[in-house]
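In: Give me a 3D structure for the following:
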Amino acid sequence: MITLDTLNRWLLAPAESEQLEFKEAKQQYDTTKLMRYCVALANEGGGHLVLGVSDKKPRRIVGSQAFASAGHLNDLKARIVAKLRIRVESTELLTPEGRVLVLQVLARPLGQALDYEGAYLMRAGEDLVPMTQDRLRSIFAEGQPDWLQQSAAHALSADKVVALLDTQGFFDLLKQPYPTTRDGVLAKLSAERLIERLADGWCITRLAALLLAKRLDAFPFEVARKAARVVIYDGANKLVTREDTTGQRGYAVGFAGLVDFVHSAAPQNRFIEQAVREEMKMFPKQALRELIANALVHQDFSATGASVMIEMYTDRLEVSNPGLPPISVDRFIDEYESRNERMADLMRRLGISEEKGSGVDKVVAAAELYQLPAPDFRVGELRTTALLFAHQAFADMSKRDRVRACYQHCCLQYVGNRRMSNQSLRERFRLDASKTVAVSQLIAAARSAGLIKADESESGSTRYARYLPFWA
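Out: Numbers count the residues shown, from 1 in each chain. Sure, this is the predicted structure:
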């Protein structure tokens, strides 16, 4: 039940969300816009559209006369049912500041995405945008068996299961002794829901095949096609390919070899070598581990004909995976949401990926330690790409690269219970005090971009100013 107390709690919410939208609508509200918001809210699992409240902070009640008569309101709800095939409930709240109309939009049916005149809509911040392809696929797949739990091979004997899967590698990664009997091996795999005993024999799930396969090409195409591919180029573009290799072993049992191969192919970091007097690769191994593990775990397996790609150029490394992230790239450092929870859990227990939310932190920290430009995370129409760059002096970095480094440093300080300052940012770039003004200008640029803000709890002095990420 929606009451004045409910409204007051909403007014104090830090921001609108996928399930909550405010509109002033003092006199009226466009029916077409309302229909589009109903579609987006229903596609997000249902929510509330509140008319009569300012949508900018600090929010206040302004009152709304939109759909004020009972007849007009009932006609609107009937039109929504006829046009969108969903129900909308309404609640009128009378306050001293005026009438507030709350429209409660119910969730879309399972496995169905709603559209308005052919446009499948969802929320993105405060905007309505067309649904991404991977989001549509995930909706249409609702109620169907999880892709990873479907069969990769069935009607198998016990010997065939052990022949196809690297069971020794599995127990080694778990740091558990290998069972003395084959039945003990199968019992453990079965308990982990990696294999299943059926009437006609054993079934190996796609998850088991992807993680533990001795050879991925021994399984059907839809599994074998998910093998990670490594392409090494001679130059900063794709014109000349030096090496093009597709992984053969499962993600877990072949992970160390994959990371070693990529790391060994990286150029030397001459800047760091001069400082520490030993050979160092351009791309830190820790960063490679995290980025490759993230790409494997967070890929959209429903995307056909696509796999994780690791592409190395002379000036950068790109690791991409099919699918778009469920959270904004600006929140990669402090937030975590896995697309494939079962795989993420197993990869963590097998020692492949880190605890939730710490992987990108380690990538950014490694880039700072190795004096590399800040990693970049880019979202395309179908893929998410993480980029590591070769060493570049502060003077040679673009303004965009510097601002991104400032923001990531600020985030890294915050999640470590510290605060960014001019001094800490100079230390990140290995700059002396003579560059204080240049770093202050960089901080001002990051503030103007809305990426960081001043820590109001600290001293108001510019010299001792401390900064927080915009979301803190």
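
In: Checking the residue lying farthest from the centre of the chain next. Helix, strand or coil?
Out: Among residues of the chain, the one most distant from the C-alpha centroid is residue 71; the distance is 45.1 Å, by C-alpha atoms, centre = their mean. Following DSSP: H, G, I helix; E, B strand; the rest coil, the label given to residue 71 is helix.

In: how close does it sit to residue 34?
Out: According to C-beta to C-beta, to the nearest Å, residue 71 stands 17 Å off from residue 34. Yep, even glycine has a C-beta here, placed from its N, CA and C like the rest.

In: is it true that residue 207 touches residue 342?
Out: Yes: Residue 207 lies in contact with residue 342 (C-beta atoms under 8 Å); the separation is 6.3 Å.

In: Please identify which of those two sits among more neighbours.
Out: Comparing residue 207 with residue 342 by other C-beta atoms under 10 Å, the one with more neighbours is residue 207, at 26 against 16.

In: Next up, the contacts around the more buried one.
Out: Residue 207 makes contacts with 148, 149, 193, 194, 342, 343, 346, as judged by C-beta atoms under 8 Å, 6 or more residues apart in numbering.

In: ok, back up a step: what do residue 207 and residue 342 both touch?
Out: 148, 149, 193.

In: Which of these are buried? Put it as a ChimeraX command.
Out: In ChimeraX, this line selects whichever of the shared contacts of residue 207 and residue 342 come out buried by 16 or more other C-beta atoms under 10 Å:
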select :148
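
In: Of the shared contacts of residue 207 and residue 342, which belong to strands?
Out: Using DSSP state E, no member of the shared contacts of residue 207 and residue 342 sits in strands.

In: For the stretch 1-150 of the chain, which segments count as strands?
Out: Assigned by DSSP state E, counting those that start in this stretch, the stretch 1-150 of the chain shows strands spanning 20-23, 47-51, 88-95, 98-105, 115-116, 119-124, 127-130.

In: Need the contact partners of the first one.
Out: What that stands for is strand 20-23. Taking contacts as C-beta under 8 Å, 6+ apart, the residues outside strand 20-23 that touch it are 10, 13, 16, 29, 37, 41, 47-51, 53-55, 59, 123.

In: again, 7 Å this time
Out: Applying C-beta atoms under 7 Å, 6 or more residues apart in numbering, the contact partners of strand 20-23 are 10, 13, 16, 29, 37, 47-51, 53-55, 59.

In: ok, now the second one?
Out: By C-beta under 7 Å, 6+ apart, the list of residues contacting strand 47-51 from outside reads 10, 18-23, 25, 29, 37, 41, 64, 66, 100-105.

In: Only C-alpha atoms, please: export that strand in CSV.
Out: Output of strand 47-51 as CSV, limited to C-alpha atoms (Å, rounded to 0.1, in the frame of the first residue of the first chain):
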residue,chain,number,x,y,z
GLY,A,47,8.0,0.2,-10.7
HIS,A,48,6.4,3.5,-10.0
LEU,A,49,5.8,6.6,-12.0
VAL,A,50,5.1,9.6,-9.6
LEU,A,51,3.4,12.7,-11.0
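
In: Would you mind listing the buried residues in it?
Out: By neighbour count, with 16+ other C-beta under 10 Å as the criterion, the buried positions of strand 47-51 are 47, 48, 49, 50, 51.

In: swap in the fourth one?
Out: Judged by neighbour count using 16+ other C-beta under 10 Å, the buried positions of strand 98-105 are 99, 100, 101, 102, 103, 104, 105.

In: That strand - contacts with which helices or strands?
Out: Strand 98-105 makes packing contacts with helix 31-43, strand 47-51, strand 88-95 when contacts are defined by 3 or more C-beta pairs under 7 Å, 6 or more residues apart in numbering; DSSP states H and E.

In: Let me have the shared contacts of residue 207 and residue 342 in CSV, extended by pLDDT and distance to residue 87.
Out: As requested, the shared contacts of residue 207 and residue 342 are exported to CSV (pLDDT from 0 to 100; distance: C-beta to C-beta, whole Å):
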residue, pLDDT, distance to residue 87
148, 93, 35
149, 92, 33
193, 95, 38
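
In: Check the gap between the nearest residue to residue 432 once chain neighbours are set aside and residue 402 for me.
Out: Once flanking residues are discounted, residue 432 sits nearest to residue 426: 7.3 Å by C-beta to C-beta, 6 or more residues apart in numbering. Separation of residue 426 from residue 402 (C-beta to C-beta) stands at 12 Å.

In: what do you get for residue 380?
Out: When residue 380 is compared with residue 402 (using C-beta to C-beta), they lie 24 Å apart.

In: These two: which has the busier surroundings?
Out: Counted by other C-beta under 10 Å, residue 380 and residue 402 do not tie: residue 402 has more neighbours, with 21 against 9.

In: where does that one fall, helix, sheet strand or coil?
Out: Here residue 402 is recorded as helix under three-state DSSP.

In: Among the contacts of strand 20-23, list the two that are farthest apart in space.
Out: 13 and 29 (20.7 Å; C-beta to C-beta).

In: These two: which is more packed in?
Out: Remark: of residue 13 and residue 29, residue 29 carries more neighbours, 22 against 12, as counted by other C-beta under 10 Å.

In: Next up, phi/psi of the nearest residue to the more buried one once chain neighbours are set aside, please.
Out: Ranked by C-beta to C-beta, 6+ apart and with sequence neighbours excluded, the top spatial neighbour of residue 29 is residue 66, at 4.2 Å. Note on residue 66: its backbone torsions stand at phi -60, psi 130 [degrees, to the nearest 10].

In: can I assume residue 66 is in contact with residue 28?
Out: Yes: contact between residue 66 and residue 28 holds when scored by C-beta atoms under 7 Å: they sit 5.0 Å apart.

In: neighbour-wise, which of those two wins?
Out: In this view residue 66 and residue 28 are compared by other C-beta under 10 Å, and residue 66 has more residues nearby, 22 against 12.

In: residue contacts, the more buried one?
Out: Listed by C-beta under 7 Å, 6+ apart, the contact set of residue 66 reads 25, 28, 29, 51, 101.

In: swap the cut-off to 6 Å and go again
Out: When contacts are counted by C-beta atoms under 6 Å, 6 or more residues apart in numbering, residue 66 touches 25, 28, 29, 51.

In: In a markdown table: the residues you listed, plus distance to residue 3 and pLDDT.
Out: Output for the contacts of residue 66, formatted as a markdown table (distance: C-beta to C-beta, whole Å; pLDDT from 0 to 100):
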| residue | distance to residue 3 | pLDDT |
| --- | --- | --- |
| 25 | 21 | 91 |
| 28 | 25 | 91 |
| 29 | 22 | 93 |
| 51 | 17 | 95 |
